[in-house]
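Asker: just the structure for this:
(one chain, ligands or ions: 2)
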Amino acid sequence: MSKKITKICCIGAGYVGGPTMAVIAQKCPDIKVTVVDINSRRIAAWNDEDVDKIPVYEPGLSEVVAEARGRNLFFSTEVDKAIDEAEMIFISVNTPTKTYGKGKGMAADLKYIELCARQIARVAKDDKIVVEKSTLPVRTAGALKSILQNTGNGVRFDILSNPEFLAEGTAVQDLLAPDRVLIGGDSEESIRALADVYANWVPEKNILTTNVWSSELSKLTANAFLAQRVSSINALSELCEKTGADVNEVARAIGTDSRIGPKFLKASVGFGGSCFQKDILNLVYIAKSYGLNEVADYWEQVVLMNDHQKHRFADNIITTLYNTVSGKKIAFLGWAFKKDTNDTRESAAIHVADYLLNEQAEIVVYDPKVTEEQIYADLDYLNTRDEKENRKLVTVVNDPYKAMKEAHAVAVLTEWDEFRAYDWQRVYDTMLKPSFVFDGRAVLDREQLTDMGFEVYTIGVGR
Ligand SMILES: NC(=O)C1=CN([C@@H]2O[C@H](COP(=O)(O)OP(=O)(O)OC[C@H]3O[C@@H](n4cnc5c(N)ncnc54)[C@H](O)[C@@H]3O)[C@@H](O)[C@H]2O)C=CC1
Ligand SMILES: O=C(O)[C@H]1O[C@H](OP(=O)(O)OP(=O)(O)OC[C@H]2O[C@@H](n3ccc(=O)[nH]c3=O)[C@H](O)[C@@H]2O)[C@H](O)[C@@H](O)[C@@H]1O
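Answerer: Ligands and ions are numbered 1, 2, ... in the order given. Got it, this is the predicted structure:
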């Protein structure tokens, strides 16, 4: 018999904690789910009466939150209280790449994880199941165990690894019908208790259990494999451009081989998002720390290729615009790292913009979901130039036609569906001539645009 869970606490109300707990609460009405965070602004937004103002934009999420919030789903800043009440505590805080000290620029920064462990150790008065939901370096559970078990207050902590595989933009659908739920741990009873939570809506055959180290490492491995496919197809996109091949045709041709499969073969201006780069660098760091230099070099190439892809896209804009973009208006369609999300972390758009700004381009950005404040914050964070200069060179508008009016070039950085549906003739009529389009996502109808008179460059398509 496993322990029946009635109260869950999740520390971290971000892109993972929020949606994951909302779905657990929706599917398990008998479990009280409390999501806590030290960021009171974020918690206030999760509690906003207008459910469309919750801090994470995901198709279908506001409906799930509307159903469960106030019933058995709660968002709060009272971290101690929620820890104290819960039988099961998910840790879903951020684990960014370290920006200082040993492992700077490579290793995962585990300070937030450790703070959570210490807080749980301090507050807990009865036995708890602690679930690693954040993505962590393999063997972190050992460190957590050591912190939790040395408090001397006699509480038993079982640690489980339960990595999250949702992708942003499809989070709700991924959570409702996951390819698999992965649970790693030592205690059969605790594994069962967590499996029983998921079994409320996930078929048993999709709930995999492993030892805790395999589970931790599987998460880094899954992201490394996915990112590797993107870098592989992006590497070929450059060769396609040189040889007259079309990377989309190549992707279709190889993707029909059932051993290869069709997914994650879409060439792009480079992968972004908060995790691919961070998790691969973390994997590289771990491999190096074991002296596995060939393994480390192999995976690092995935990130290097991605950097190259972003730079060569920007470089091509400069070369094509007669080797200078100084004072030229470039309209950016999209800023988010992929469609259907307002998340911009590590978005290729940021790096392409930075590169062009170094060449004194004037950039006008339109993204249907990203705020002006976020766009400036992303550029300021790079610290390449002062904040005033960023505001002078970059303008953010909420009308795509305004963004493209009198522009020298349009660059597509995100694959938002609406970009296809624009009146491109109207855009052409208002742009400077020659009117260049740089489609970094291969979403626009190249032939149609060329017929209208545009000079079109599509990523991965040779001329
Ligand atoms: N974003 C994604 O799509 C996915 C992320 N992951 C992993 O999940 C973890 C969380 O990622 P996100 O949700 O994107 O991060 P996030 O940055 O959106 O959210 C993390 C939240 O944790 C809070 N926090 C940090 N320390 C805290 C503390 N001591 N007490 C209370 N709250 C605290 C922060 O204020 C923040 O709101 C990371 O390890 C990430 O690698 C895994 C799968 C998908
Ligand atoms: O650990 C994480 O954070 C998550 O990372 C990715 O999810 P996410 O980054 O949200 O989105 P993806 O759909 O994987 O896209 C990542 C980036 O790769 C790009 N991409 C993706 C697929 C493709 O074929 N081509 C391509 O350029 C996207 O545009 C985007 O910039 C993984 O897909 C999730 O399984 C994982 O849980």
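
Asker: helix/strand/coil for the residue in the stretch 351-463 of the chain that ligand 1 sits nearest to?
Answerer: Nearest residue of the stretch 351-463 of the chain to ligand 1, counting by Cβ to the nearest ligand atom: residue 374, 13.0 Å away. Heads up, the C-betas are built off the backbone N, CA and C, glycines and all. For residue 374, the secondary structure call by DSSP: H, G, I helix; E, B strand; the rest coil comes out as helix.

Asker: my read is that it contacts residue 347, right?
Answerer: No. The pair residue 374 / residue 347 is not scored as a contact, 10.0 Å apart, by Cβ atoms under 8 Å.

Asker: list residues touching both of the two?
Answerer: residue 335 (Cβ atoms under 8 Å, 6 or more residues apart in numbering).

Asker: what about the residue of the stretch 351-463 of the chain closest to ligand 1, how many residues nearby?
Answerer: If you count neighbours by other Cβ atoms under 10 Å, residue 374 ends up with 17.

Asker: what is the helix or strand of the chain with the lowest mean pLDDT packed up against?
Answerer: Ranking every helix and strand in the chain by mean pLDDT, DSSP states H and E puts helix 140-149 at the bottom, with a mean of 93. Contacts defined by 3 or more Cβ pairs under 8 Å, 6 or more residues apart in numbering; DSSP states H and E place helix 140-149 against helix 111-123, strand 128-132, strand 157-161, helix 212-243.

Asker: turn these into CSV, including distance to ligand 2.
Answerer: Below are these laid out as CSV (distance: least, Cβ to the nearest ligand atom, whole Å):
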stretch, distance to ligand 2
helix 111-123, 16
strand 128-132, 13
strand 157-161, 14
helix 212-243, 4
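
Asker: mean pLDDT and mean neighbour count added to those, as JSON lines?
Answerer: As requested, the helices and strands packed on helix 140-149 are exported to JSON lines (pLDDT from 0 to 100; neighbours: other Cβ atoms under 10 Å):
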{"stretch": "helix 111-123", "mean pLDDT": "96", "mean neighbour count": "18"}
{"stretch": "strand 128-132", "mean pLDDT": "97", "mean neighbour count": "25"}
{"stretch": "strand 157-161", "mean pLDDT": "97", "mean neighbour count": "24"}
{"stretch": "helix 212-243", "mean pLDDT": "98", "mean neighbour count": "19"}
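
Asker: out of the ones you listed, nearest to residue 384?
Answerer: The closest of the helices and strands packed on helix 140-149 to residue 384 is helix 212-243. By Cβ to Cβ, the value is 23.8 Å.

Asker: returning to what we had before: can you list the residues that contact the least confident helix or strand of the chain?
Answerer: For helix 140-149, contacts defined as Cβ under 8 Å, 6+ apart pick out 110, 113-114, 117-118, 120-121, 130, 132, 157, 159, 161, 184, 212-213, 216.

Asker: which SS state does residue 411 fall under?
Answerer: strand.

Asker: and the closest residue to it other than its chain neighbours, what's its pLDDT?
Answerer: Nearest non-adjacent residue to residue 411, counting by Cβ to Cβ, 6 or more residues apart in numbering: residue 438, 4.5 Å away. Looking at residue 438, its pLDDT is 98.

Asker: report the beta-bridge partners for residue 438.
Answerer: residue 411, residue 457 (DSSP bridges).
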